[in-house]
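Visitor: Generate coordinates for the sequence data below:
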Amino acid sequence: MSLDKADVRKIAYLARIKVPDEDLDHLAGELSQIIDWVEQLAEVNTDGVEPMASVSDVTLPMREDVITGGNRPAEVTANAPEENKGFFLVPKVVE
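Guide: Below is the predicted model:
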């Protein structure tokens with residue numbers, strides 16, 4: 001696919017990018033090459049290829065989901081401006 005100056009000007013307008021007129025020819029060539037490459041990719045047979053999120057087969061290490069060190073309200077609220085029955089008291093911000 002070949003783009004001309006008018007196409008590049010419209011793409012730049014839609015993308016809200018200011019492109020000087022002297023750069024339109026150069027950008028038209030580059031964008032045409034990119035579109036040709038994408039069209040080439042569309043021709044590749046991908047039947048039987050599973051979609052993937054990453055090219056490397058790496059999984060994150062998982063840890064056991066256990067409860068640790070809880071039930072310490074005095075330590076949690078130690079730096080609170082005010083505390084009442086284990087809850088933070090904060091100034092009202094909405095009237």
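Visitor: Neighbours of Q33, how many?
Guide: 11 (other Cβ atoms under 10 Å). To be clear about C-beta, it is placed using only N, CA and C from the backbone, and glycine gets the same treatment.
Visitor: Tell me where this structure has strands.
Guide: Here the chain has its strands, by DSSP state E, at 82-84, 87-89.
Visitor: Can you give the strand pairings for the first one, parallel or anti for each?
Guide: Here strand 82-84 is paired, per DSSP bridges, with strand 87-89 (antiparallel).
Visitor: Check what contacts the partner strand and list those residues.
Guide: T77, A80, P81, E82, E83 (Cβ atoms under 8 Å, 6 or more residues apart in numbering).
Visitor: Buried members of those into PyMOL, please.
Guide: Only the buried entries of these go into this PyMOL selection, using 16 or more other Cβ atoms under 10 Å:
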select buried, resi 77
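Visitor: Any idea which residue is closest to the centre of the chain?
Guide: For the chain, the residue nearest the mean C-alpha position is A53 (13.2 Å; Cα atoms, centre = their mean).
Visitor: If I look at that one, what pLDDT would I see?
Guide: Reading off the confidence values, A53 has pLDDT 82.
Visitor: Work out the gap between the lowest-mean-pLDDT helix or strand in the chain and the centre of the chain.
Guide: For the chain, scoring each helix and strand by mean pLDDT, DSSP states H and E identifies strand 82-84 as the least confident one, at a mean of 78. Mean-position distance between strand 82-84 and its chain equals 39 Å (Cα atoms, centre = their mean, to the nearest Å).
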